[in-house]
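Asks: predicted coordinates and the sequence they were generated for:
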Amino acid sequence: MREQRLVFGEVAELYDRARAAYSEAVIDDVLRFAGGDGSRLRALEVGAGTGKATVAFAVRGLAIVAIEPSAAMAAVARRNCKPFPNVRLECTTFEDWAVEANPFDLVFSAQAWHWVTPEVRYVKAAEALAGGGTLALFWHRTRWQGEDLRAELEDLYRRLVPELYAKDPGFPGLTQPRGDDRLVDEIKGSGLFGEPTMHDHPWSVTFTADSFVELLLTQSDHRLLPEDTRAELFEAVRSIVTAHGGEVVVPHTTLLALARRR
């Protein structure tokens, strides 16, 4: 697990360029639930990556402590957050981070919560939050709608990388990840938070063959493939996208789970 979590640092700059940001609507939902306009909220971010979500909240005036275990990713995040003196980056894991005495109003995690040890994540988030504080978890998912491209990619992954296909990689997201359905029950089952609410924010992105492969290059499960297998897979993906006119529109959604600490 640790190897997968830190492999992102090998492509920190590419990750920053290729990964999607978070919409104003997602940030609005979080702040509305947290009950503040941002300038009065103190937030803890779990898994800052290169700072995409960090910046989205920092521009709203939040004071943020952002935790990121990869030194390479944290370096890019510091650069992106340089205009915001209200952001403090700490290069550590959430498991190793020492809970601060001053409680937070908001704990948020963008596409990183699954990397935190299950036995630790909700307990530590609750310890970090003030009573009634907000836990906000959000992540991007593809939402294929019967496109021919999806079927061709599925056939390719099943033939060439069946073990990877069986793991339901988040991108290209050929099947619905099983963990999404369990998240609400997981939050409730912790006994530390009130009834969670779910929000769904649809969007789409247009990929070229190159940008599609660039995004795959930032996926930890793809990066851990043998080099020759990865090269063969990416060449085949390029051919599929090129055969569809060189550009493809892939529907996505951003899922957001919100809950208050008891």
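Replies: Yes, it's here. Numbers count the residues shown, from 1 in each chain.
Asks: strands of this structure, start to end?
Replies: Secondary structure of the chain (DSSP state E): strands at 42-46, 63-67, 87-90, 104-110, 129-142, 197-208, 247-260.
Asks: now render these as JSON lines, adding distance to Arg32.
Replies: In this view, the C-beta of every residue, glycine as well, is placed from N, C-alpha and C. Rendered in JSON lines, the data for the strands of the chain read as follows (distance: least, C-beta to C-beta, whole Å):
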{"stretch": "strand 42-46", "distance to Arg32": "15"}
{"stretch": "strand 63-67", "distance to Arg32": "18"}
{"stretch": "strand 87-90", "distance to Arg32": "22"}
{"stretch": "strand 104-110", "distance to Arg32": "12"}
{"stretch": "strand 129-142", "distance to Arg32": "10"}
{"stretch": "strand 197-208", "distance to Arg32": "10"}
{"stretch": "strand 247-260", "distance to Arg32": "9"}
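Asks: poorly predicted segments of the stretch 1-150 of the chain, please.
Replies: Within the stretch 1-150 of the chain, the segments meeting pLDDT under 70 span 1-9.
Asks: break down it into its helices, ranges please.
Replies: For the stretch 1-150 of the chain, the helices identified by DSSP state H, counting those that start in this stretch occupy 2-6, 12-18, 24-34, 52-58, 71-80, 118-128, 148-160, in order along the chain.
Asks: comparing those helices, which comes out most buried?
Replies: Per-residue neighbour counts averaged over each of the helices of the stretch 1-150 of the chain give the maximum for helix 52-58, namely a mean of 23 (mean count of other C-beta atoms under 10 Å).
Asks: tell me which other helices or strands that helix touches.
Replies: Using 3 or more C-beta pairs under 8 Å, 6 or more residues apart in numbering; DSSP states H and E as the contact criterion, the neighbours of helix 52-58 among helices and strands are helix 24-34, strand 42-46, strand 63-67, helix 71-80, strand 104-110.
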